[in-house]
Each structure stands twice: as C-alpha cells, then as structure tokens.
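Novice: let's see this in three dimensions:
(2 chains)
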Amino acid sequence: DGGITQSPKYLFRKEGQNVTLSCEQNLNHDAMYWYRQDPGQGLRLIYYSQIVNDFQKGDIAEGYSVSREKKESFPLTVTSAQKNPTAFYLCASSISAGGNYNEQFFGPGTRLTVL
Amino acid sequence: GQQVMQIPQYQHVQEGEDFTTYCNSSTTLSNIQWYKQRPGGHPVFLIQLVKSGEVKKQKRLTFQFGEAKKNSSLHITATQTTDVGTYFCAGPSNTGKLIFGQGTTLQVKP
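Specialist: So this is what the prediction gives:
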C-alpha cells in the first residue's frame, strides 16, 4: 500500500521532555511538510523539505527541529523550548514543492498531549 | 506576506440545503487546491484548478477559479450528512510551500 504513515497516533509526554514524531512515505515524493493544527484552527506550517538533506523553516518553526537524511523519512522533534506543544501534528508530501499539480498527501496525524 | 482567506468560518445547514465557501488570495495564484478534512481525520485532496475562470464538478460539488486567479469557491448542492467536515483552499507561494486558508467547517443537520 502506498502512502504516508505517522506514528504513533496518540502520544503523551511530560513537560520538559523532547519528543520525536515519525513520518514515512513510500510515494517517492521529493517534498515533505510538517503542519500543526490546533482545535478549530487551520494548518500552520512548521518545516518543509524540498529535497533530501535540505529543509526550510515554515511559519512557526520555533521550538521544533527536523532532519531529512532519507527521501522517505522526515521526523519532527518537538523540543522543550516549544511553549504550547499540545496539538495535532500532520505530515504531508508532494511530488515536488513548486509548480502545478503539486497536491499534498497527508498522513493520519499524531495527537500530542504534553502533561 | 501572502495570505489566503476563507469565509465563512462555520456553516450549519439543514440536510438538502446548498452550501458555499469562498476563498480569496492577496496575490494572483498559479493554481488553487481544495482539501476536505473529516472530523478526527486528516486533509484529503479534492481538486486543483489552474485556468482562469475554470469550473470543475465532482458529483454535487462545483469548484470555480476566478477570472483574476485570486479567488475561488466551492459549492455543494443538496448537502448530505457525509459532507460534514472542514474544507480548506490552498494556493502555492513563490517559495514552494502551500498557503492554506483557515477552512470552513460545515455541519449538516439531518
């Protein structure tokens, strides 16, 4: 089955701990993205990567870090510096980042709760 | 910076009524995309419009792209309970990322 997987679906962490969210895709897409969604809110871009070994900050990158060592993987670390980390985190990918017909495919998301 | 605005934020309709959500961009777009997110789910791509004035239909859903390529609309005819969810429009920025609107959440009363 082709697609994007995120794990785990639900994650609980204590305040002050770093946590890494997994995102894997087998669609052979070059571009990958991380979004944060809060209840009743839209999608806010955290980081995106247009190619392996390269990534750019999105609109709310503070307190987060990413890596893109492999084409199929784009893990997101929520650090203790993120002041309000409890949210729904969505990973997405697209064939490329620019041009037309660059629709994004989303994973099922990870709901992070920091206690 | 570039912004994409959607209205209304929420809409409650009786099953069978029509529904429309509007999307406006601060800049001209090369294309506009629409996504649907069911409650508790993740956004799913619905359609992309590329040409000025383009109209596309998917069963009861009609998508339009404005002549100036700065606005778009999604119209649902005779809503059903399966239409419940949040509808997002999104347009590409010149840096390769998509700018999403805030979304319109549709509730359908049976």
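
Novice: and A:N102, how many neighbours?
Specialist: A:N102: 21 surrounding residues under other C-beta atoms under 10 Å in any protein chain shown. Where you see a C-beta, it was placed from the backbone N, CA and C, and this is true even at glycine.

Novice: assign a three-state SS to it, would you?
Specialist: coil (DSSP: H, G, I helix; E, B strand; the rest coil).

Novice: quick one: name the residues of chain B near chain A.
Specialist: Within chain B, the positions near chain A by C-beta under 8 Å from any C-beta of the partner chain are B:30-31, B:33, B:35, B:41-45, B:48, B:50, B:88, B:90, B:92, B:95-98, B:100-103, B:105.

Novice: the spatially most central residue of chain A and A:C91, how far apart?
Specialist: In chain A, the residue lying closest to the centroid (C-alpha atoms, centre = their mean) is A:W34, at 2.7 Å. According to C-beta to C-beta, to the nearest Å, A:W34 stands 6 Å off from A:C91.

Novice: can you check A:Q6 too?
Specialist: To A:C91, A:Q6 is 5 Å away according to C-beta to C-beta.

Novice: now do the shared contacts for the two.
Specialist: Common contact partners of A:Q6 and A:C91 (C-beta atoms under 8 Å, 6 or more residues apart in numbering or on different chains): A:21, A:23, A:107, A:109.

Novice: looking at those, spot the one nearest chain B.
Specialist: Nearest to chain B, judged by C-beta to the nearest C-beta, of the shared contacts of A:Q6 and A:C91 is A:G109 at 5.1 Å.

Novice: re the thing from before, the shared contacts of A:Q6 and A:C91 in strands, which ones?
Specialist: Counting by DSSP state E, the shared contacts of A:Q6 and A:C91 place A:21, A:23 in strands.

Novice: for the helix or strand of chain B with the lowest mean pLDDT, buried residues please.
Specialist: Using mean pLDDT, DSSP states H and E, the weakest-scoring helix or strand in chain B turns out to be strand B:98-100, at a mean of 92. Within strand B:98-100, the residues that count as buried by 16 or more other C-beta atoms under 10 Å in any protein chain shown are B:98-100.

Novice: alright, calling it a day.
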